[in-house]
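*Asks:* 3D model of this:
(chains A and B)
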2 protein chains.
Amino acid sequence: MHRCQPPDAVVWPQNVEQVSQLAALCYSQGVPIIPFGTGTGLEGGVCAVQGGVCINLTHMDKILELNLEDFSVVVEPGVTRKALNTRLRDSGLWFPVDPGADASLCGMVATGASGTNAVRYGTMRENVLNLEVVLPGGELLHTAGLGRHFRKSAAGYNLTGLFVGSEGTLGLITAATLRLHPAPEATVVATCAFPSVRAAVDSTVHILQAAVPVARIEFLDDVTMDACNKHSQLNCSVAPTLFLEFHGSEQVLAEQLQRAKEITQDNGAFHFSSAKEAEERGRLWAARHSAWYAVLALRPGCKGYSTDVCVPISRLPEILVQTKEDLKAQGLTGAILGHVGDGNFHCLLLVDPEDPEELHRVKAFSELLGRRALALHGTCTGEHGIGLGKRQLLQEEVGAVGMETMRRLKAMLDPRGLMNPGKVL
Amino acid sequence: MHRCQPPDAVVWPQNVEQVSQLAALCYSQGVPIIPFGTGTGLEGGVCAVQGGVCINLTHMDKILELNLEDFSVVVEPGVTRKALNTRLRDSGLWFPVDPGADASLCGMVATGASGTNAVRYGTMRENVLNLEVVLPGGELLHTAGLGRHFRKSAAGYNLTGLFVGSEGTLGLITAATLRLHPAPEATVVATCAFPSVRAAVDSTVHILQAAVPVARIEFLDDVTMDACNKHSQLNCSVAPTLFLEFHGSEQVLAEQLQRAKEITQDNGAFHFSSAKEAEERGRLWAARHSAWYAVLALRPGCKGYSTDVCVPISRLPEILVQTKEDLKAQGLTGAILGHVGDGNFHCLLLVDPEDPEELHRVKAFSELLGRRALALHGTCTGEHGIGLGKRQLLQEEVGAVGMETMRRLKAMLDPRGLMNPGKVL
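*Replies:* You can find the predicted model right below:
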């Protein structure tokens, strides 16, 4: 969706001192700085729209500190979420935020990532305790103070929160202190199919209201289910479907599963099945995580684009129905799936790269979807960020005073406008 | 602890337009502005150290919007947490953040309040979705955009987070959109006594590691227990004690209780008792919430001062032992209690108002405690805020670059330094 715009140079610093020296050098010379982690973002956050130096942080890949008793860890920017969870295996703890891609954790901080587990464990906003940031001029900031890793604080302004989701436009994140969670003792997955989108969403609201501590609650529409059936050899109904996951002790899981079953059946679910064994669970989630490829396979040769909006849960049925109508009216192939417990969903759109007119329709559809979310008191991005493509929507979302406040924040920390220019604002 | 410093005038605006006009008028005339909610803060946040106009927001006390399906509510600044929960009764939802006092919710936003339930439900940082803020010059900012109440977003800088915990120094909060939670189906409370502080803290860590979703886990030391026994006619052991609370279904609670019992007994707890009935639970929590008065009653005529630090949980035993030694060395009467699941605790100190020398020792002790927390990678305030008294400690906590960043933030939003001057920075 965003054409690759390469930087003038790429550098691979080995430590924070080198990052600081590079930033100071670039800044003093008026050269744009583009921080780079794994490049798995979806909104063009690493495009060098004004050229400049890409600071690739992947060589800094150490886990600096692991405090098991304190449920915290300090990672360098090259550590990915899978690498961290591999290291944590057998520790009884894990880091649950899971955007799908094996992104770098500091990149996930920069984009304010979330994903399937957010309904229970929160997004990056709730799971970052401290950040080491190289400010544009090279100065080193520890947002919660050097070496600190308390669970909460009321000391001064929340500088940590300012950098989570700043998309590399305010500074370079060179280390992150993250909150860890106890690994679930047991896990069970359930799927159920519904006669309508509303029935699936109503079930979600009722499950949340009943305080069933669901760990994941994912919505997949009929198109997605059809694609997953074909691609991942599933045998699910081609209907609006929920994938649910529960974490807890064996006994607790049985009760949670029973409650979810009752609630979904009260809402007309015509199929409910659960899987406790790791293999079967893995097969279901692999299908969910392969949905992107499954949908791509619907029209071979096409490229995919994933939209991302989030609305109050009560408004989900209407926006999902509208979106399906829009797809039809625009003659587009699109599959809808999302983190319905947060009101966040994506539409995976297929576009023929040889067809500029279709690309145009996809872009127009995506903008229309963003505006529909805004009209329903939602946000134009639940988790992918603003990047290059949603700057106009951000203005509509936060209004003139909000934009002016964001611009003043940017100017305060980056007066020359050299940190990842052209993004967010 | 902080001498009352009255403002030159107090005004009671009835709506946000009046707040905006008042702010613009004061600002243009160079008059300090002090926002006021319930005045229940503990760090002198409402003292008018430079005189000026106190804007008392208690007449704006409407619940503007209640979105049960979306788990959100919009409140004006005069709505207190008890008033909100009374309104929510029978809705199946509640607002769990509970700092003890019946504080105004917007005041709780301003101070970044938390309290006993934070271990499970988070602090104000995690429970604010949007804020309406009158900026010092009178402009109106909606931190997440006008009327929005989504559960998550990755759209631009986190302006909401910037105002949570800003202690009235960046603007006046005139409405807050808060996240609601499902009310627990059933509740059970347990108390257990330990042979040592370490045994109580180890139990806490083990309970958290075992993913027992404890809703409250409060530590009370021997002095506090003795005071509570006398004041609230309890019959508990005079020993380091945990008060635990669990929320869930009947079946889940039985399992959680059993696990907590096993863990605490493995750690040497010599007494474990639980209460399921509302009356008995109420009696225990009333005793906990009356601890302040119970401790005051140990030395009639004295005033109380509550310190507030937070450390990584693994460092709790050493700081608690050190603190007890410091109290002894300084000849002070102090009781220790706190939200041990967050690593946050208070020392309630008694001081004879007629004895300036004792007041001096109390202040010196409080500062020493703050520095001990900082030395253990902790924070000088877990929930009470910086206010007037902890500005020096904040500098030591966040360092020169952190302070400079906070000062620039303040100067950006309040260039004339008129918003609640003399606080935080």
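
*Asks:* any idea which element the residue in chain A that chain B sits nearest to lies in?
*Replies:* Nearest residue of chain A to chain B (Cβ to the nearest Cβ) works out as residue A:161 at 3.3 Å. The way it works is simple: take the backbone N, C-alpha and C, and place the C-beta from them, glycine included. Per DSSP states H and E, residue A:161 falls inside helix A:159-163.

*Asks:* Show the average pLDDT along that helix.
*Replies:* The average pLDDT for helix A:159-163 rounds to 98.

*Asks:* cool, and stretch A:55-68?
*Replies:* Mean predicted confidence for stretch A:55-68 is 98.

*Asks:* how about the residues of the stretch 151-300 of chain A near chain B?
*Replies:* For the stretch 151-300 of chain A, the contact set with chain B under Cβ under 8 Å from any Cβ of the partner chain comprises A:151-159, A:161-162, A:164-166, A:170, A:181-185, A:205, A:208-211, A:213, A:247-249, A:251-252, A:255, A:259.

*Asks:* Of the residues you listed, which belong to strands?
*Replies:* A:181-182, A:247-248 (DSSP state E).

*Asks:* Restrict the least confident helix or strand in chain A by mean pLDDT to CA atoms and write it as PDB.
*Replies:* Here the helix or strand of chain A ranked lowest by mean pLDDT, DSSP states H and E is helix A:278-289, holding a mean of 85. Only the C-alpha atoms of helix A:278-289 are listed here, as PDB (Å, rounded to 0.1, in the frame of the first residue of the first chain):
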ATOM      1  CA  ALA A 278      -2.000 -28.400  22.100                       C
ATOM      2  CA  GLU A 279      -2.100 -29.900  18.600                       C
ATOM      3  CA  GLU A 280      -5.700 -29.200  17.900                       C
ATOM      4  CA  ARG A 281      -5.400 -25.700  19.400                       C
ATOM      5  CA  GLY A 282      -2.300 -25.000  17.400                       C
ATOM      6  CA  ARG A 283      -4.100 -26.000  14.200                       C
ATOM      7  CA  LEU A 284      -7.000 -23.600  14.900                       C
ATOM      8  CA  TRP A 285      -4.700 -20.700  15.700                       C
ATOM      9  CA  ALA A 286      -2.400 -21.400  12.800                       C
ATOM     10  CA  ALA A 287      -5.500 -21.100  10.700                       C
ATOM     11  CA  ARG A 288      -6.400 -17.800  12.300                       C
ATOM     12  CA  HIS A 289      -2.800 -16.500  11.900                       C
END
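
*Asks:* chain center to the very next helix or strand once past that helix, what's the gap?
*Replies:* Sequence order places helix A:291-296 as the next helix or strand after helix A:278-289, per DSSP H and E. Computed by Cα atoms, centre = their mean, to the nearest Å, the chain-centroid distance of helix A:291-296 equals 18 Å.

*Asks:* And helix A:291-296, what does it pack against?
*Replies:* Under the contact criterion of 3 or more Cβ pairs under 8 Å, 6 or more residues apart in numbering or on different chains; DSSP states H and E, helix A:291-296 touches helix A:222-232, strand A:303-306, strand A:334-339, strand A:344-351.

*Asks:* Format the ones you listed as JSON lines; extra columns: mean pLDDT and mean neighbour count.
*Replies:* As requested, the helices and strands packed on helix A:291-296 are exported to JSON lines (pLDDT from 0 to 100; neighbours: other Cβ atoms under 10 Å in any protein chain shown):
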{"stretch": "helix A:222-232", "mean pLDDT": "93", "mean neighbour count": "21"}
{"stretch": "strand A:303-306", "mean pLDDT": "92", "mean neighbour count": "18"}
{"stretch": "strand A:334-339", "mean pLDDT": "95", "mean neighbour count": "26"}
{"stretch": "strand A:344-351", "mean pLDDT": "96", "mean neighbour count": "25"}
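
*Asks:* Chain A: helices as residue ranges?
*Replies:* All helices of chain A, identified by DSSP state H, fall at A:16-29, A:81-88, A:105-111, A:118-121, A:124-127, A:159-163, A:197-209, A:222-232, A:250-266, A:278-289, A:291-296, A:316-330, A:356-375, A:391-413.

*Asks:* is chain B contacted by the fourth one?
*Replies:* Yes - residues of helix A:118-121 are located near chain B by Cβ under 8 Å from any Cβ, namely residue A:118.

*Asks:* hmm, who's touching that helix?
*Replies:* Residues outside helix A:118-121 that contact it (Cβ atoms under 8 Å, 6 or more residues apart in numbering or on different chains): A:96-97, A:127, A:181, A:208, A:213-217, A:247, A:339, A:341-342, A:344, A:383, B:152.

*Asks:* Give the PyMOL command for selecting the buried subset of these.
*Replies:* Entered in PyMOL, the line below selects the buried ones among the contacts of helix A:118-121, by 16 or more other Cβ atoms under 10 Å in any protein chain shown:
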select buried, (chain A and resi 96+97+127+181+208+213+214+215+216+217+247+339+341+342+344+383) or (chain B and resi 152)
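
*Asks:* and residue A:314, how many neighbours?
*Replies:* 19 (other Cβ atoms under 10 Å in any protein chain shown).

*Asks:* gap between the closest residue to it other than its chain neighbours and residue A:204?
*Replies:* Sequence neighbours aside, residue B:69 is the residue nearest to residue A:314 in space, at 3.9 Å (criterion: Cβ to Cβ, 6 or more residues apart in numbering or on different chains). Per Cβ to Cβ, to the nearest Å, residue B:69 is found 10 Å from residue A:204.
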